[in-house]
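K.L.:
turn this into a structure:
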Amino acid sequence: MHLTVLVFASVLSAATFALDNGLMRTPPMGWLAWERFRCDIDCEHDPKNCISENLFIDMADRLSEDGWRELGYVYVNIDDCWASMDRDKQGRLQPDPKRFPGGIRKLARYMHDRGLKLGIYGDMGTHTCGGYPGTTLDKIEIDAQTFADWEVDMLKFDGCYSNATEQEQGYPRMSKALNATGRPIGYSCSWPAYQGGLPPKVNYTQLGEICNLWRNYGDIQDSWDSILNIADWFFENQDILGPAAGPGRWNDPDMLVLGDFGLSMDQSRSQMALWAIMAAPLFMSNDLRTISSGARSILQNKMAISINQDPMGIQGRRIIKEKSGIEVFLRPLSSNTSALVFFSRRTDMPYRYQTSLSKLNYTTGSYKIFDIFTEKPMMLKDSTTFVVSVNPTGVVMWYVSAPAKQSLRQFYKGGRLQGSVYNDHENAIPPVFL
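P.N.:
Take a look at the predicted model:
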């Protein structure tokens with residue numbers, strides 16, 4: 001496997017160049033306010049949940065004191081609705097003085113003192129999506145310098161209230177302006193999401209040259225339907241999206257919502273597994289002050305995180321889609337290893353799925369398997385038939401150790417990404433109650 005992977009990775013790196021700021025060589029991890037707290041600015045009646053410096057201080061304390069930071073969750077990201085409705089006399093953005101009385105720089109230093117980083121939100125348009133001051137073309141340089149002066153570490157640049165022509169000029173210009181400040185600022189672009197996410201309107205080679213990550217698709221919601229919709233779009237378009245991803249440049253399917261209200265534990269494990277396979281940024285949007293122990297254990301699963309953070313940065317693929325509702329995903333990893341996910345779209349009962357590693361295109365050999373969520377190891381020969389029991393809307397996720405030599409011909413062949421080389425609908429046995 002290793003020789004094929006190196007060829008595959010080198011071809012991709014030659015075709016797509018990452019933004020030259022040296023940042024986010026693995027998918028960024030942290031916490032982002034939007035999905036859980038939206039645009040709650042009623043600090044008088046809801047002081048614990050409103051968008052204010054206290055909320056971000058609380059989340060920073062949890063990240064630094066509850067074991068998140070050591071696992072890589074280091075960004076604390078402000079989203080929309082933080083700003084004053086007016087710029088200052090010098091034309092600069094300014095935070096709402098009642099909700100951020102200490103200012104953004106003080107908040108950034110609070111993060112830095114705890115080994116964390118601060119992210120902030122802007123919008124390539126006349127207004128943000130929430131109606132706050134946006135960044136028009138003539139304000140890009142001053143806003144980039146303002147964020148640098150505040151010691152911000154990441155910018156999420158949205159695209160409400162702008163047209164395609166303005167976006168075509170503005171997103172590259174903001175990239176250049178951020179680099180010109182001399183401060184390392186990770187750059188998240190929402191540009192492709194406003195252009196349908198796909199070529200010819202979206203140029204992923206260009207995106208890789210100007211952005212560290214980008215939103216391709218619609219906003220995630222706290223529901224299983226939303227997660228399924230996003231995952232389907234990403235894997236249905238994996239031939240286009242996969243080559244765009246790599247160290248310093250990532251497709252972003254949006255936030256992790258597990259730990260909120262809408263997902264079961266099985267669905268929570270599914271989101272974590274699929275986001276890890278996709279090499280997706282891991283930005284939680286939940287309340288770390290009250291998160292359940294079950295959700296916390298999933299988000300803090302060291303093996304799932306290590307798969308997500310694999311330094312080769314190859315985005316995984318769906319390799320099998322069965323009529324039974326079972327899907328199989330594979331991601332090549334460093335050191336001759338790989339990750340497999342068996343995922344059930346079913347909603348009725350656990351399903352016993354039968355296959356073998358040779359049917360999944362692994363070559364002859366014995367493989368050490370580690371089940372990510374049960375933490376059980378096993379050994380499997382490539383020819384040995386096995387059965388995995390996958391819960392409804394759930395996953396089984398495996399780390400497959402060397403000497404895994406899975407052929408990547410379904411990943412890359414003849415200059416084009418390939419689909420599955422195996423799609424046998426007869427390899428599953430009837431569902432049973434366990």
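K.L.:
quick check: phi and psi at residue 397.
P.N.:
For residue 397, the backbone dihedrals are phi -120, psi 130 (criterion: degrees, to the nearest 10).
K.L.:
so it bridges to which residues?
P.N.:
On DSSP bridges, the residues paired with residue 397 through beta bridges are residue 341.
K.L.:
so who does it touch?
P.N.:
Residues in contact with residue 397 (C-beta atoms under 8 Å, 6 or more residues apart in numbering) are 269, 273, 276, 304, 339-342, 371-373. For glycine as for every other residue, the C-beta is placed from the backbone atoms N, C-alpha and C.
K.L.:
and if we set it to 10 Å?
P.N.:
269-270, 272-274, 276-277, 301, 303-304, 307, 329, 339-343, 370-374 (C-beta atoms under 10 Å, 6 or more residues apart in numbering).
K.L.:
cool, and residue 28?
P.N.:
Taking C-beta under 10 Å, 6+ apart, we find residue 28 in contact with 72-75, 77, 117, 119, 153-154, 186, 188, 212-213, 250, 252, 280-283, 309.
K.L.:
re earlier: now the buried members of the contacts of residue 397.
P.N.:
Neighbour-count burial within the contacts of residue 397 applies to 269-270, 272-274, 276-277, 301, 303-304, 307, 329, 339-343, 370, 372-373; the criterion is 16 or more other C-beta atoms under 10 Å.
K.L.:
mind listing which of those residues are in helices?
P.N.:
269-270, 272-274, 276-277, 303-304, 307 (DSSP state H).
K.L.:
how about those residues in CSV, adding pLDDT?
P.N.:
Formatted as CSV, these follow (pLDDT from 0 to 100):
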residue, pLDDT
269, 99
270, 99
272, 99
273, 99
274, 99
276, 99
277, 98
303, 98
304, 98
307, 98
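K.L.:
list just the nearest of those residues to residue 194.
P.N.:
residue 274 (24.1 Å; C-beta to C-beta).
K.L.:
re earlier: nearest to residue 293 among the ones in helices among the buried ones among the contacts of residue 397?
P.N.:
Comparing these against residue 293 with C-beta to C-beta places residue 269 closest, at 14.1 Å.
K.L.:
isn't that closest one right up against residue 373?
P.N.:
Yes: if you go by C-beta atoms under 10 Å, residue 269 and residue 373 touch, sitting 5.6 Å apart.
K.L.:
who touches both of the two?
P.N.:
By C-beta under 10 Å, 6+ apart, residue 269 and residue 373 have these common neighbours: 297-298, 301, 304, 394-397.
K.L.:
show me where the stretch 51-200 of the chain has its strands.
P.N.:
75-77, 117-123, 154-158, 186-189 (DSSP state E, counting those that start in this stretch).
K.L.:
state the mean pLDDT of the last one.
P.N.:
pLDDT averaged over strand 186-189 equals 98, rounded to a whole number.
K.L.:
who does it pair up with?
P.N.:
Strand 186-189 is paired, per DSSP bridges, with strand 154-158 (parallel), strand 213-215 (parallel).
K.L.:
and the helix of greatest length in the chain, how far from the chain's centre?
P.N.:
With DSSP H applied, the helix covering the greatest number of residues in the chain is identified as helix 164-180. Helix 164-180 sits 22 Å away from the centroid of its parent chain (C-alpha atoms, centre = their mean, to the nearest Å).
K.L.:
give me the number of residues near residue 88?
P.N.:
By other C-beta atoms under 10 Å, the residues close to residue 88 number 10.
K.L.:
any idea how far residue 356 is from the nearest residue to it once chain neighbours are set aside?
P.N.:
Spatial nearest neighbour of residue 88, chain neighbours left out: residue 94 (5.0 Å); criterion: C-beta to C-beta, 6 or more residues apart in numbering. According to C-beta to C-beta, to the nearest Å, residue 94 stands 62 Å off from residue 356.
K.L.:
okay, the two: which has more neighbours?
P.N.:
More crowded of residue 94 and residue 356, by other C-beta under 10 Å: residue 94, with 18 against 15.
K.L.:
how much space between the more buried one and residue 82?
P.N.:
Taking C-beta to C-beta, one finds residue 94 at 10 Å from residue 82.
K.L.:
ok, now how distant is residue 282 from residue 241?
P.N.:
Computed as C-beta to C-beta, the residue 282 to residue 241 distance reads 17 Å.
K.L.:
actually residue 233, not the one I typed
P.N.:
Separation of residue 233 from residue 241 (C-beta to C-beta): 9 Å.
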